[in-house]
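Colleague: Build me a structure from this.
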Amino acid sequence: MRRHELPAVSGILSADEILATGRSIAAMQEASGAIPWPDGHTDAWDHVECAMALTVCGLTGPARRAYEWLRRSQRADGAWPKKTVRGRVTDAAVESNQVAYAAVGVWHELQVTGDEAFAVRMWPTVRRAIAFVLRLQTERGEILWERAADGSPASYALLTGCSSTYQSLRFAVALAEFMGEPQPDWELAADQLGHVIAAHPEAFADKSRFSMDWYYPVLGGAVRGDAARRMIASRWAEFVVPDLGIRCVSDEPWITGAETCELVLALDAIGDIDEAVSIYAAVQHLRDESGAYWTGWQFANQQYFPAERSSWTAAAVILAGDALSRASGGAHLFHLAAGAHMRGVPAAAEWAAGCGCAEAASYRGQHSDRRPAQPSADAVTGPPQHPQ
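Modeller: Take a look at the predicted model:
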């Protein structure tokens, strides 16, 4: 397998310190391979993020056990339940973005290690996962956020979840090409989703108090270039707390490490390296002496909140450090998420021929040979209903 140097961000974290953070994740891993939250439950998205971080740290054994858990625990319909505690399902609902993220993890592992046999082994898992997710895509293009335990689809979509799923679809398309099994319907679905994210905010339930809804369209790759810079600038003062990190929600005096490091990744992806490094340095106050990271800091009360050190916060720190140091083959992962980077054309342009919105009009006719994929029979069409 391909080897790489460990990440190190000059003046902020050494390679040994990042390795210690990776080992803090491995210490939380269960014998089954699952990597849980501090409360003991495992979800597929955070589990995959942790597996990616382990690989970046060269902890191949724990990383591969994590991916094997993912492969073994996948349901026959391609999904993973929202919450599993030591092999027991405690919430049988399924979130679409959690399922889709398997594609990001497998593509990342391939880029970092070059292990083609691993990709071959995991390809059926990714293929089933993406098929499940696309059954929740609406005619307009957004992907409903959940399928309930009784099998019924949610009535609305979430901007953060769809932005993550957009990235997942892009890498699923790349993996399919690598496997020699191109999936043009996936590509069309990603084009459509990317356009909705970039041009149709009305498609999503209002979660604008959450910082993730601010930066995730950039992080996931659907919004790039000048539009991305405008998006980040538009709410910077609302979410960024100087010398601490970024708020989880706009109306609480609480910064969180994972969201802060995801903003670092988004800034790096659009070329704002100096700001990314500054934000990355600021959040290091959450680090403890073992290399683990506290989830957040309530700066009005001057307390860690919640009082926990989470695997996924540590993972976000590692992935951001890798991006800034360009250490592994996966360091450019968030640069490559956008359609423009993957295939040479803007994602919004790809779907413009089938959309009547004002933004799409400027692209109309450029891609008239492309036709929309058919929506799922049980996906909701028309305007989503906001949660009560």
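Colleague: From Val223, how far off is the nearest residue to Trp214 once chain neighbours are set aside?
Modeller: Leaving aside its chain neighbours, Trp214 sits nearest to Arg235 (4.8 Å; criterion: CB to CB, 6 or more residues apart in numbering). No exception for glycine: its C-beta is placed from N, CA and C like everyone else's. To Val223, Arg235 is 13 Å away according to CB to CB, to the nearest Å.
Colleague: what about the stretch 251-388 of the chain, any weak spots by pLDDT?
Modeller: Filtered on pLDDT under 70, the stretch 251-388 of the chain yields the residue ranges 338-354, 356, 358-388.
Colleague: before we move on, back to that, of Arg235 and Val223, which one has the most company?
Modeller: Neighbours of Arg235 and Val223, each counted by other CB atoms under 10 Å, are more numerous for Val223; the result is 29 against 16.
Colleague: Tell me if that one really is in a helix.
Modeller: No - Val223 sits outside any helix when classified using DSSP: H, G, I helix; E, B strand; the rest coil, being coil.
Colleague: Ramachandran coordinates for it?
Modeller: phi -120, psi 120 (degrees, to the nearest 10).
Colleague: Just to check, it is in contact with Ile197?
Modeller: Yes - look at Val223 against Ile197 with CB atoms under 8 Å: they come within range, at 6.9 Å.
Colleague: how about the strands in the stretch 151-300 of the chain?
Modeller: Residue ranges of the strands in the stretch 151-300 of the chain, as given by DSSP state E, counting those that start in this stretch, are 240-241, 245-246, 254-256, 296-298.
Colleague: what are the pairing partners of the first one, and which direction each?
Modeller: When you say that, I think you mean strand 240-241. Neighbouring strands of strand 240-241 in its sheet, by DSSP bridges, are strand 245-246 (antiparallel).
Colleague: Report the beta-bridge partner residues of the spatially closest residue to Phe305 that is not a sequence neighbour.
Modeller: Excluding its sequence neighbours, the residue lying closest to Phe305 (CB to CB, 6+ apart) is Gln298, at 4.0 Å. Per DSSP bridges, the residues bridged to Gln298 are Trp254, Gln303.
Colleague: got a list of what Gln298 touches?
Modeller: 253-254, 304-305 (CB atoms under 8 Å, 6 or more residues apart in numbering).
Colleague: His41 now?
Modeller: Applying CB under 8 Å, 6+ apart to His41 gives the contacts 83-85, 90-91.
Colleague: Please repeat the previous calculation with a cut-off of 10 Å.
Modeller: Each residue near His41 by CB atoms under 10 Å, 6 or more residues apart in numbering is listed here: 34, 81-86, 88-91.
Colleague: With Gln29 instead?
Modeller: Going by CB under 10 Å, 6+ apart, Gln29 touches 35-36, 42, 47, 50-51, 54, 59, 61-63, 65-66, 69, 311.
Colleague: and what of Asp91?
Modeller: Applying CB under 10 Å, 6+ apart, we find Asp91 in contact with 41, 43, 81-85, 149.
Colleague: and those residues as a markdown table, adding secondary structure and distance to Val218?
Modeller: Shown next, in a markdown table, are the contacts of Asp91 (DSSP: H, G, I helix; E, B strand; the rest coil; distance: CB to CB, whole Å):
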| residue | secondary structure | distance to Val218 |
| --- | --- | --- |
| His41 | coil | 29 |
| Asp43 | coil | 23 |
| Pro81 | coil | 30 |
| Lys82 | coil | 26 |
| Lys83 | strand | 29 |
| Thr84 | strand | 31 |
| Val85 | strand | 34 |
| Ala149 | coil | 33 |
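Colleague: What is the nearest of those to Ser211?
Modeller: The closest of these to Ser211 turns out to be Asp43 (CB to CB; 19.7 Å).
Colleague: quick one: contacts for the closest one?
Modeller: Contacts of Asp43 by CB under 10 Å, 6+ apart are 34-37, 80-84, 91, 95, 98, 101, 312.
Colleague: Show me the helices in the stretch 51-200 of the chain, by range?
Modeller: For the stretch 51-200 of the chain, helices defined by DSSP state H, counting those that start in this stretch occupy the ranges 60-73, 96-100, 102-113, 116-134, 159-178, 184-199.
Colleague: Distance of the residue with the shortest distance to the centre of the chain relative to Ala44?
Modeller: The residue lying closest to the centre of the chain (CA atoms, centre = their mean) is Ser164, at 4.3 Å. Noted for Ser164: a distance of 12 Å to Ala44, by CB to CB.
Colleague: between these two, what contacts are shared?
Modeller: Common neighbours of Ser164 and Ala44, counting by CB under 10 Å, 6+ apart, are 95, 97-98, 100-101.
Colleague: export the contacts of His41 to a markdown table and tack on pLDDT and distance to Pro7?
Modeller: Output for the contacts of His41, formatted as a markdown table (pLDDT from 0 to 100; distance: CB to CB, whole Å):
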| residue | pLDDT | distance to Pro7 |
| --- | --- | --- |
| Ala34 | 98 | 25 |
| Pro81 | 98 | 32 |
| Lys82 | 98 | 31 |
| Lys83 | 98 | 31 |
| Thr84 | 98 | 30 |
| Val85 | 98 | 32 |
| Arg86 | 97 | 31 |
| Arg88 | 97 | 35 |
| Val89 | 98 | 35 |
| Thr90 | 98 | 34 |
| Asp91 | 98 | 34 |
